[in-house]
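# curious how this folds, go ahead:
(one chain, ligands or ions: 3)
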Amino acid sequence: MSSCCLNMPNMFPTLASEDFLSSRCIWVNGPVIVGAGPSGLAVGAGLKNQGVPFIILERANCIASLWQNRTYDRLKLHLPKQFCQLPNFPFPEDFPEYPTKYQFISYLESYAKHFDINPHFNETVQSANYDETFGLWRVKTIATGGPNPIGVEYICRWLVVATGENAEKVVPEFEGLQDFGDHVTHACDYKSGQSYSGERVLVVGCGNSGMEVSLDLCNHNANPSMVVRSSVHVLPREVLGKSTFELAVSMMKWLPLWLVDKILLILAHLILGNTEKYGLKKPCVGPLELKNTAGKTPVLDIGAFQKIRSGEIKIVPGIKKFSRGRVELVNGETLEIESVILATGYRSNVPSWLKENEFFSSEGVPKNPFPNGWKGKGGLYAVGFTRRGLSGASLDAISVAHDIAKSWKEETKQKKKSMAARHRRCISHF
Ligand SMILES: Cc1cc2nc3c(=O)[nH]c(=O)nc-3n(C[C@H](O)[C@H](O)[C@H](O)COP(=O)(O)OP(=O)(O)OC[C@H]3O[C@@H](n4cnc5c(N)ncnc54)[C@H](O)[C@@H]3O)c2cc1C
Ligand SMILES: NC(=O)C1=CN([C@@H]2O[C@H](COP(=O)(O)OP(=O)(O)OC[C@H]3O[C@@H](n4cnc5c(N)ncnc54)[C@H](OP(=O)(O)O)[C@@H]3O)[C@@H](O)[C@H]2O)C=CC1
Ligand SMILES: O=C(O)C(=O)Cc1c[nH]c2ccccc12
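Ligands and ions are numbered 1, 2, ... in the order given. This next block holds a predicted model:
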């Protein structure tokens, strides 16, 4: 058992909270991990391997909810599989170079089963506070799995934040969007272009989501116009049959970042031609530098660019305003459209629940850059905020599980020693 119910007011009088609905307060003998995505599962696996008990709290009703509930049907990993597997459990050998989302989900299900990880589903963390007096975290949740929602409070020494860089969708405000009509969807709710067949669709945003949604729309006989309001790097997913990402990783071992960026841009030019000619202005900063500094992922093209070149995907500039069935662009052009898909990205939700501002920034990511952003003070940890996708999450998870296991073992040993001493004192009294 990793946790037990306590009558908290007797044990820690100052920790009891009047304004909290809950009748349940649970002491966790180990860390509380928030989020059962790849990051949370990878930390759980590392802790299991070292015999450390823990609990995982997950707001959804399943593991990897981003992948299961908030991605479209035809999604594939866009980095080769060796960069996407989690620690201590390789992908099955028959997986293709770029596994489908269903293969990835099935791998994650096997991962959880293999390490016997059983998250608490339907439990959303509402707040987490550090109690300086006791050196403990108080994590409050609402559990909605039963007939009525109940509040639960967990008390623990270690808190692992694994809620991801993509926890909430970004929905920008546009003038007149409320008058446009009902057909406005965020990319996280887009499943397939099937229901858009024959429609004129405005796709807002030209990151990997905007590009891949536009491509999928084309493949279902819809007519997408994609908004490029600033700039974007488009790289081919592969160069002469070899993954561009893998090539970049190899070059990074020998060459400085700026040079790798230059080489990537030359290769992209050789393979795709001049992308700027089609309205895809390039950022001033190179693709990897931009990923590292601003978190903006370059597009790894899987076919959208060909559709842009052929005119099947139309590129349009920024949006001025919407009206019923229409959008007006900053260049004065007006488009008649049936639907809007907002491929406008995601953000962290950490600031909404973690009461801490030393380790995490106001954007909800660790302030320290990679590789130093995984450990805060007072037993606080972060996994999966490196802007380095699944491989970054795996590296974090290994460091975090190792560090927690070390201090859990030390503290457990000390607790055992003091209990033995107390026991001896008791015996000597008789
Ligand atoms: C469409 C898409 C495709 C991607 N493809 C790739 C790829 O090919 N390769 C790659 O390396 N990366 C890719 N990424 C990046 C992606 O961030 C990682 O793949 C991965 O999902 C990150 O794992 P995570 O566990 O950190 O976050 P998530 O997968 O987002 O998991 C976080 C979990 O925390 C839960 N949660 C959030 N808030 C709370 C709360 N308050 N209480 C309880 N639970 C909470 C969420 O429900 C979620 O299940 C992609 C991202 C997107 C959006
Ligand atoms: N196959 C795969 O593996 C896939 C991976 N992903 C990953 O998921 C993550 C999220 O990607 P994505 O969803 O594309 O989000 P991104 O944050 O990468 O892109 C958001 C896009 O929306 C634009 N945008 C934001 N606000 C506005 C606005 N008000 N008006 C016009 N445009 C706007 C941005 O433009 P600007 O740059 O000007 O701010 C940008 O082009 C990335 O890491 C990506 O790599 C996504 C899809 C597929
Ligand atoms: O798909 C993503 O969002 C990722 O973060 C994967 C990723 C990590 N580093 C990169 C550099 C270039 C393109 C994708 C990635």
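# quick one: name the residues of the stretch 251-400 of the chain near ligand 1.
Proximity of the stretch 251-400 of the chain to ligand 1 (CB under 6 Å from any ligand atom) is limited to residues 349, 353, 384, 389-390, 393. Backbone N, C-alpha and C define where each C-beta goes, glycine included.
# got a winner among those for most neighbours?
Within those, Gly384 tops the neighbour count with 30 neighbours, counted by other CB atoms under 10 Å.
# for that one, grab phi and psi.
The phi and psi values for Gly384, taken as degrees, to the nearest 10, are phi 90, psi 20.
# isn't it right up against Ala167?
No - applying CB atoms under 8 Å, one finds Gly384 not in contact with Ala167, separated by 10.2 Å.
# how about low-confidence regions in the stretch 51-200 of the chain?
In the prediction, the stretch 51-200 of the chain carries no residues with pLDDT under 70.
# for it, just list every one of the strands.
For the stretch 51-200 of the chain, strands defined by DSSP state E, counting those that start in this stretch occupy the ranges 55-57, 123-131, 136-143, 150-156, 159-161, 168-169, 184-186, 200-204.
# and the angle for the third one with strand 123-131?
Taking axes from the mean of the first three to the mean of the last three CA atoms, to 10 degrees, one finds that strand 136-143 is oriented at 160 degrees with respect to strand 123-131.
# would you mind putting the CA coordinates of strand 136-143 into PDB?
What follows is strand 136-143, C-alpha atoms only, in PDB (Å, rounded to 0.1, in the frame of the first residue of the first chain):
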ATOM      1  CA  LEU A 136       4.900  18.600   3.100                       C
ATOM      2  CA  TRP A 137       2.800  19.100   0.000                       C
ATOM      3  CA  ARG A 138      -0.900  19.300   0.300                       C
ATOM      4  CA  VAL A 139      -2.500  18.300  -3.000                       C
ATOM      5  CA  LYS A 140      -6.300  18.900  -3.300                       C
ATOM      6  CA  THR A 141      -8.300  17.100  -6.000                       C
ATOM      7  CA  ILE A 142     -11.900  16.700  -7.100                       C
ATOM      8  CA  ALA A 143     -12.700  13.000  -7.900                       C
END
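# who's in contact with the most centrally placed residue in the chain?
Residue closest to the mean C-alpha point of the chain, counted by CA atoms, centre = their mean, is Gly164 at 3.2 Å. Neighbouring residues of Gly164 by CB atoms under 8 Å, 6 or more residues apart in numbering: 35, 37, 39, 66, 348, 384-385.
# for ligand 2, what are the nearby residues on the stretch 151-300 of the chain?
The stretch 151-300 of the chain comes close to ligand 2 at residues 172, 187, 204-210, 212, 227, 229-230, 297, as judged by CB under 6 Å from any ligand atom.
# residues from this structure in reach of ligand 3?
Checking the chain against ligand 3 by CB under 6 Å from any ligand atom, the hits are 78-79, 245, 291, 297-298, 300, 388-389.
# try 8 Å
For the chain, the residues in contact with ligand 3 (CB under 8 Å from any ligand atom) are 78-79, 83, 208, 235, 245, 248, 287-288, 291, 297-298, 300, 387-392.
# in strands, which of these appear?
235, 300 (DSSP state E).
# give me the subset of the residues of the chain next to ligand 3 lying in helices.
Among these, the members falling in helices (DSSP state H) are 208, 245, 248, 287-288, 291, 389-392.
# which of these sits closest to ligand 3?
Minimum distance to ligand 3 across those is 2.8 Å, recorded for Gly389 (CB to the nearest ligand atom).
# how about the contacts made by the closest one?
79, 83-84.
# distance check, the closest residue to Ser323 other than its chain neighbours against Lys307.
Spatial nearest neighbour of Ser323, chain neighbours left out: Gly176 (5.1 Å); criterion: CB to CB, 6 or more residues apart in numbering. Distance of Gly176 to Lys307, computed by CB to CB, to the nearest Å: 28 Å.
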